[in-house]
Structures are given as structure tokens and as C-alpha cells.
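> Structure for the following, please:
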Amino acid sequence: MQATQTPPLAVKPSTRHAGERTAEQNALLEQLRHVAQGLSETFAPFCEVVLHDLTDPKHSVLAIHNNLSGRQVGDPTTALGLARIADPDYPQVISNYANQFADGRQAKSTSIGIRDSSGRYVAALCMNVDLTLFSSLQNALGQFSKIDSGAAVKESLDPAGADMIRARIDQFAARLATTPRSLKADERRALLRELKDSGCMEIRRAMEIAALHLGVSRAAVYSYAK
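Coordinates of the predicted model:
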């Protein structure tokens, strides 16, 4: 699977074979095998994880998990891999770029280049997420949550004035540089006094609305209001 936004580059054939990797490069690749396995198990089955050995571009695929692209171990590197081999200054992380599987399925990909101590790209860890299911879910959720904005009937299940209570609570908390649910007991008592003085506590179900917004029980609100 090739990154659709990266054109192929001409690269000289590698003169170093897998058996000629340095001890450091072998150690890096061995550790990356475990990283690739862990990522694949975490994001299965929607994310393909591929480990490339960039010291051997003709047979770069060392491991492939949750195989979504149909590639095999021993397959050659992608255009993006060739770009890294050709240019040590090529970006190390390219994330969330548009990609496509061979059968046309849309994908989102991230590629992470791994350098050795000399600065040479040794490996690439690539993740390819199949967006097919997520796109279908997004469409289904959009259809389910769609409302007719032009409908003649307008209804609210919220008591009249509830928004006013919440707004006053938010304003009180903002003055103290905190959130409604982080208010301390003495601050809640001061808040309830303000709500009462402003007439907000005369609104139907005011105690319940305040309790829900503060994240406390109605009994606690009643005690603060005394």
C-alpha cells in the first residue's frame, strides 16, 4: 500500500542486506517488532500495523499485523519508505494522511521513521486505519440524529427558566475561576443565596436543576439553601 500523497523517488539499490545490519540496527528492529505487535493488538481489527526494514527496501516488510492491504512479509517498501531512504532529513513523523487500499477502501495512515545513532533511517512503523466502517457509522449516526428544523411543532422538555439557573451558576463559578462541580460547600451556600435573591429558586424544579448542574444531591441543595 503506498501513500497517495508521496510520489515515488529514484533510489540507488541498497548495498546492505539484512544479514549485514549493525548490532544497533538489529536491536532497534527487534524492539520495534514488539511495538508493532502491541499497537496491532490495541487497535485490532481496524488498524493494519506494518514494520519496514529500510536497510533492505526490496524486501522491507518485516512484520504485518491485522493485514488489510494484502501485503506479505518480504514485500518491498512503499514510496514513502523510498523517500526516507533517499533523504535523511525527510520528516520523521507523518500522521493522519489520506491513503487508499488496493481495493479502493479509504484509509487514514501514520508513518513513523526510526533512525539509528548515525542519523540513517533504519525502519518505518506504519499504521493504516480502514475508514470504511467508521464512515458507515458516521452516516448512520448523522441520519439518526437528524431533526427537521422546518417542522411546525417546537417542544422543550426542559422547565421554563432552567437555562437561566444554569447560566447564573456558571457565572458564579467563573467569578471564582472554577467550575460548578468544583465549588466548595461554603461557595455553594453563597451561590444558593444569590439564586434565591434573584428569584431563580421560584422556577419550577429549581432545586433539581441546580443539583444536577452542581453534581450534588437535591438534599444537599436544600441544606445549602437553608
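> now the helices for this structure?
23-43, 79-86, 132-144, 162-175, 185-197, 206-214, 218-225 (DSSP state H).
> For the chain, give me the ranges with low pLDDT.
Scanning the chain for pLDDT under 70 picks out the ranges 1-19, 150-159.
> ok, the most centrally placed residue in the chain - contacts?
Residue closest to the mean C-alpha point of the chain, counted by Cα atoms, centre = their mean, is residue 96 at 9.9 Å. Listed by Cβ atoms under 8 Å, 6 or more residues apart in numbering, the contact partners of residue 96 are 108, 109, 110. C-beta coordinates here come from the backbone N, C-alpha and C atoms, glycine included.
> Restricted to strands, list the residues you listed.
Taking DSSP state E as the definition of strands, these contribute 108, 109, 110.
> which ones are touching the first one?
By that I understand residue 108. Residue 108 neighbours (Cβ under 8 Å, 6+ apart): 96, 97, 98, 99, 128, 129, 131.
> just those residues now: which is nearest residue 168?
residue 96 (41.3 Å; Cβ to Cβ).
> Put the alpha carbons of stretch 214-226 into CSV.
What follows is stretch 214-226, C-alpha atoms only, in CSV (Å, rounded to 0.1, in the frame of the first residue of the first chain):
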residue,chain,number,x,y,z
LEU,A,214,-23.7,21.2,40.6
GLY,A,215,-23.3,17.4,40.6
VAL,A,216,-24.8,17.1,44.1
SER,A,217,-28.0,15.6,45.6
ARG,A,218,-31.2,17.6,46.0
ALA,A,219,-30.9,17.1,49.7
ALA,A,220,-27.5,18.9,49.6
VAL,A,221,-29.0,21.8,47.7
TYR,A,222,-31.9,22.1,50.3
SER,A,223,-29.3,22.2,53.1
TYR,A,224,-27.3,24.9,51.3
ALA,A,225,-30.5,26.9,50.7
LYS,A,226,-31.4,27.0,54.4
